[in-house]
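Novice: Show me how the following folds:
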Amino acid sequence: MMILAIEQGNTNTLFAVHDGQDWIAQWRSATEASRTADEYAVWLTQLLSMRGLSLAALDGCIISSVVPQSIFNLRNLSRRYLGVEPRVIGDNVELGIAVRIAKPSEAGADRLVNAIGAHLTYPGDLIVIDSGTATTFDVVAADGAFEGGIIAPGVNLSLQALHEAAAMLPRIAIQRPARVIGKDTVSNMQSGVFWGYIALIEGLVARIKAEWGRPMTVIGTGGVVSLFEGATHSIDRFDPDLTLRGLLEIWRRNPHIGTT
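Specialist: Next up, the predicted model:
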């Protein structure tokens, strides 16, 4: 069975195809809440054809989105062009984990998917760090339950705010500076953001562990977090496939939805 997995964040949307054994194709696009199902279909058709695939070859669809106004169009993409009812996180699927927060409905779909993907691979209590528009620190108990966590501004959001709020500061790309002490405006900003986020990660991980009171493994995922690999000992593993692993597991836990 060929599955289309869609993971939509506030900034980017990931489309990936699983052939029953492996992920064989992945593409990203900028998230645009107003993009229609037809527009998605045209874009996706072109990319699939480059891999010798087609929309007709896709047998199922699973969607995780933190942009509620986009879900309607993504659902229509699956119904109209794949001919299947999609499995939608937060709507018609059972996750198979406990969500131990005051209002479980408030837990972001992306955070729950990551929790499942992490628990599948790593034993014991976990901290999952994912940085996109926001940087999230999620606590996953040894039994797989989502225990809550922390939401902080994302790296690129901080850079954007710094540029827009201070007339003399340029827009820059995040990268690891050669020195902590900057010698010009750009290196000052790069150091502040890069090492500032390292300090944020190290400080919050230490506080979470102290409050939790038991050993925890820290997993980093997402493109931004990967920039910090080798710069801190607070992250034990970098795992870029966490979200897709979680989506595939949720698909397998809900075989009754979207099948014909």
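Novice: Pro86 is in contact with Ile62, isn't it?
Specialist: Yes. Pro86 is within contact range of Ile62, at 6.4 Å (criterion: Cβ atoms under 8 Å). Every C-beta, even on glycine, is put in place using the N, C-alpha and C of the backbone.
Novice: Can you pick out the residue with more neighbours from the two?
Specialist: Taking neighbours as other Cβ atoms under 10 Å, Pro86 and Ile62 compare with Ile62 leading, 26 against 23.
Novice: Phi and psi next, for that one.
Specialist: phi -130, psi 140 (degrees, to the nearest 10).
Novice: and it, bridged to which residues?
Specialist: On the basis of DSSP bridges, Ile62 is bridged to Ala5, Arg87.
Novice: Now do the same contact list for it.
Specialist: Going by Cβ atoms under 8 Å, 6 or more residues apart in numbering, Ile62 touches 3-6, 86-89, 93, 247, 250-251.
Novice: Please convert those residues to a markdown table, extending it with distance to Ile24.
Specialist: Formatted as a markdown table, those follow (distance: Cβ to Cβ, whole Å):
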| residue | distance to Ile24 |
| --- | --- |
| Ile3 | 10 |
| Leu4 | 11 |
| Ala5 | 12 |
| Ile6 | 16 |
| Pro86 | 19 |
| Arg87 | 20 |
| Val88 | 23 |
| Ile89 | 22 |
| Val93 | 23 |
| Leu247 | 15 |
| Ile250 | 19 |
| Trp251 | 15 |
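Novice: and which of those residues is nearest Val186?
Specialist: Ile6 (36.4 Å; Cβ to Cβ).
Novice: Surely the closest one is in contact with Val66?
Specialist: No. Between Ile6 and Val66 no contact is recorded; they are 11.9 Å apart, counting by Cβ under 8 Å.
Novice: These two: which has the busier surroundings?
Specialist: Higher neighbour count among Ile6 and Val66: Ile6, with 24 against 20, using other Cβ under 10 Å.
Novice: hey, C-alpha coordinates of the helix or strand containing Phe137 in PDB?
Specialist: Using DSSP states H and E, Phe137 maps to strand 134-140. Taking C-alpha atoms only, strand 134-140 is exported to PDB below (Å, rounded to 0.1, in the frame of the first residue of the first chain):
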ATOM      1  CA  ALA A 134       8.200  27.600  17.900                       C
ATOM      2  CA  THR A 135      10.700  25.500  19.900                       C
ATOM      3  CA  THR A 136       8.900  22.800  21.900                       C
ATOM      4  CA  PHE A 137      10.200  20.700  24.700                       C
ATOM      5  CA  ASP A 138       7.900  17.700  25.200                       C
ATOM      6  CA  VAL A 139       8.000  15.200  28.100                       C
ATOM      7  CA  VAL A 140       7.100  11.600  27.200                       C
END
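Novice: how far does the following helix or strand past that strand sit from the chain's center?
Specialist: Next along the chain after strand 134-140, taking DSSP H and E as the criterion, comes strand 146-153. Offset of strand 146-153 from its chain centre (Cα atoms, centre = their mean, to the nearest Å): 13 Å.
Novice: With stretch 150-158 instead?
Specialist: On Cα atoms, centre = their mean, the centre of stretch 150-158 falls 13 Å from that of its chain.
Novice: How about stretch 108-124?
Specialist: 11 Å.
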